[in-house]
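Participant: My questions are about this predicted structure, shown below with the sequence.
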Amino acid sequence: MRHGLATACLTLSFMSSLMAVQSAIADPSVKELAARTEVRPIETLMLSDQQFLTGDKSAAKAVVIAGELRLPQGAAGRLPAVVLMHGSGGAGAREEFWSKIFNEMGVASFVVDSFSGRGLTSVSANQALLGRFNMILDAYRAHATLSAHPRIDRSRIVLMGFSRGGQSTLYASLKRFHQAWDPEVAFAAYIPLYASCNPTLIGDTDVSSVPIRMFHGAADDYVPVAPCRAYVERLRAAGRDAQLTEFADAHHGYDNPLGGKVPAVAANAQSVRACKLKEEAPGAIVNAETGQPFSYKDPCVALNPHTGYNEAAAQATQTAVKDLLRTVFKLN
């Protein structure tokens, strides 16, 4: 009887401890929680790649998308902010995770949803649903939206993006696009994660003078790192402040906390990893091997790449990004 009672007490004690541990794990840090959240409309356009690359607004369709602004706790005056651009699968856990990291630092975050206002949820299996460069304009319009906000310091806004959003972040640095779409845009830094550096664009080494810090997995078979190595070499040869950090054994989406540690197939997702693309004339993206206008129906377009979480690479990226922001934003 006593033995049974003792066993029951021990079991109850163990279960209580386990529940406490689980609760501690599940509960977010109070510092991560936003003091205020605002959903802000962003007026932008629906553009083909040719329209964007040539600066042609004449036949563009107006569209309203949204951005979620999270203001950190205990911060007074005008705040620095990071604009976050999602990938082909839309905004999700990854963007929320980074938003909390920035809020904990005392930095505002602005997650741009480029899909919902356009009636999209994902373009992974059909990248042609949205012009590849259209999200660059979304980033510029997000910058303008934040610049008009009374709580944001327009001189301290950084652009960060992932995959498709990473490519938008990378090429948003081109002065050619600033002049065509928004001469007033002035991000304090560009942080592309596993961005595609394909295609090679006209004037792509004439970029903003602020830091460009790229992060990529060496094992990425969705968006291979090799073209980015070559691009960073060209940027550095042109005197630009660009750096590429690679992580061995890291796959696409390596920073997504909901990604599996064992790389998984992104079923039917389109990848241009086997394509060699270039802008032959302004607005004309061609398949360099055929000389013909590029299409996602080209034989070089591959399917079923892999994605996966890599804890070491994710933590190293977090550390590097936070160090960069402390420098760029002049944080204590």
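Facilitator: Cool, the structure landed. Numbers count the residues shown, from 1 in each chain.

Participant: What strand or helix carries the residue nearest to the spatial centre of the chain?
Facilitator: Central residue of the chain (CA atoms, centre = their mean): Gly161, 1.7 Å from the mean position. Per DSSP states H and E, Gly161 falls inside strand 152-162.

Participant: Quick one: list the elements packing against that strand.
Facilitator: Other helices and strands packing on strand 152-162, by 3 or more CB pairs under 8 Å, 6 or more residues apart in numbering; DSSP states H and E, are strand 79-85, helix 93-104, helix 134-147, helix 164-171, strand 190-193, helix 311-328. From N, CA and C alone the C-beta is placed, and that goes for glycine too.

Participant: Report the buried residues of it.
Facilitator: Neighbour-count burial for strand 152-162, with 16 or more other CB atoms under 10 Å as criterion, is recorded at Ile152, Asp153, Arg154, Arg156, Ile157, Val158, Leu159, Met160, Gly161, Phe162.

Participant: on that earlier part again, ok, the residue nearest to the centre of the chain - contacts?
Facilitator: Contacts for Gly161 (CB atoms under 8 Å, 6 or more residues apart in numbering) come out as 84-87, 135, 139, 167-170, 191-193, 195.

Participant: returning to what we had before: return the strand holding Gly161 as PDB; C-alpha atoms alone will do.
Facilitator: Only the C-alpha atoms of strand 152-162 are listed here, as PDB (Å, rounded to 0.1, in the frame of the first residue of the first chain):
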ATOM      1  CA  ILE A 152      10.400  54.500 -37.700                       C
ATOM      2  CA  ASP A 153      13.700  56.100 -38.500                       C
ATOM      3  CA  ARG A 154      13.900  56.100 -42.300                       C
ATOM      4  CA  SER A 155      17.700  56.300 -42.200                       C
ATOM      5  CA  ARG A 156      17.800  52.900 -40.400                       C
ATOM      6  CA  ILE A 157      15.800  50.400 -42.400                       C
ATOM      7  CA  VAL A 158      17.500  47.200 -43.500                       C
ATOM      8  CA  LEU A 159      16.200  44.700 -46.200                       C
ATOM      9  CA  MET A 160      16.400  41.000 -45.500                       C
ATOM     10  CA  GLY A 161      14.900  38.200 -47.600                       C
ATOM     11  CA  PHE A 162      14.800  34.400 -48.000                       C
END
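
Participant: partners of that strand in the sheet?
Facilitator: According to DSSP bridges, strand 152-162 forms sheet pairs with strand 79-85 (parallel), strand 190-193 (parallel).

Participant: pLDDT of it, averaged?
Facilitator: Mean per-residue pLDDT for strand 152-162: 98.

Participant: what does stretch 189-198 give?
Facilitator: Mean per-residue pLDDT for stretch 189-198: 98.

Participant: Next: stretch 246-266.
Facilitator: 96.

Participant: Stretch 74-84 now?
Facilitator: Summarised as a single mean, pLDDT over stretch 74-84 is 94.

Participant: which other residues reach it?
Facilitator: Residues contacting stretch 74-84 (CB under 8 Å, 6+ apart): 35, 67, 69, 71-72, 91, 95, 98-99, 102, 106-112, 139, 142-143, 146, 150-153, 156-162, 165, 187-188, 325, 329, 331.

Participant: Just the buried ones from those residues, in ChimeraX syntax?
Facilitator: Filtering these down to the buried ones (16+ other CB under 10 Å) takes a single ChimeraX command:
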select :67,69,71,72,91,95,98,99,102,106,107,108,109,110,111,112,139,142,143,146,151,152,153,156,157,158,159,160,161,162,165,187,188,325,329
